[in-house]
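[1] no sequence for this one, just the structure:
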């Protein structure tokens, strides 16, 4: 289960980097973290 969550996070993070989506400086949780929680 832990490996699946890490894999989903890495895929989301790489997707966001590939799409050149930037984080707001005020965030407390990254976009990749939000996408990971929503996917599980």
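    Sure thing, it's come through. What you see is a predicted model, and the numbers here were worked out from it, not measured in a lab. Residues are numbered from 1 along each chain as shown.

[2] residues contacting stretch 6-16, please?
    With contact meaning CB atoms under 8 Å, 6 or more residues apart in numbering, stretch 6-16 is reached by 30, 31, 32, 33, 35, 36, 39, 40. No exception for glycine: its C-beta is placed from N, CA and C like everyone else's.

[3] could you pull up the mean pLDDT of it?
    Stretch 6-16 shows a mean pLDDT of 97.

[4] before we move on, the earlier item: write the PyMOL selection for whichever of the contacts of stretch 6-16 are buried.
    For the buried members of those, the matching PyMOL selection, counting by 16 or more other CB atoms under 10 Å, is:
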select buried, resi 31+32+35+36
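
[5] ok, so of the contacts of stretch 6-16, who is nearest residue 2?
    residue 40 (11.1 Å; CB to CB).

[6] only the buried residues of the lengthiest helix in the chain, if you could.
    For the chain, the longest helix by residue count, based on DSSP state H, is helix 2-18. For helix 2-18, the neighbour count (16+ other CB under 10 Å) marks 8, 9, 12, 13, 16 as buried.

[7] would you check how far apart the first one and residue 21 are?
    Distance, residue 8 to residue 21, by CB to CB, to the nearest Å: 17 Å.

[8] distance of residue 9 from residue 18?
    15 Å.

[9] tell me which helix or strand the residue nearest to the spatial centre of the chain sits in.
    Geometric centre of the chain, nearest residue: residue 32, 1.2 Å, by CA atoms, centre = their mean. Secondary structure from DSSP states H and E places residue 32 in helix 31-39.

[10] quick check: mean pLDDT across that helix?
    Here the average pLDDT along helix 31-39 is 95.

[11] so it versus helix 2-18, what angle?
    130 degrees (axes from the mean of the first three to the mean of the last three CA atoms, to 10 degrees).

[12] that concludes my questions; thank you for your assistance.
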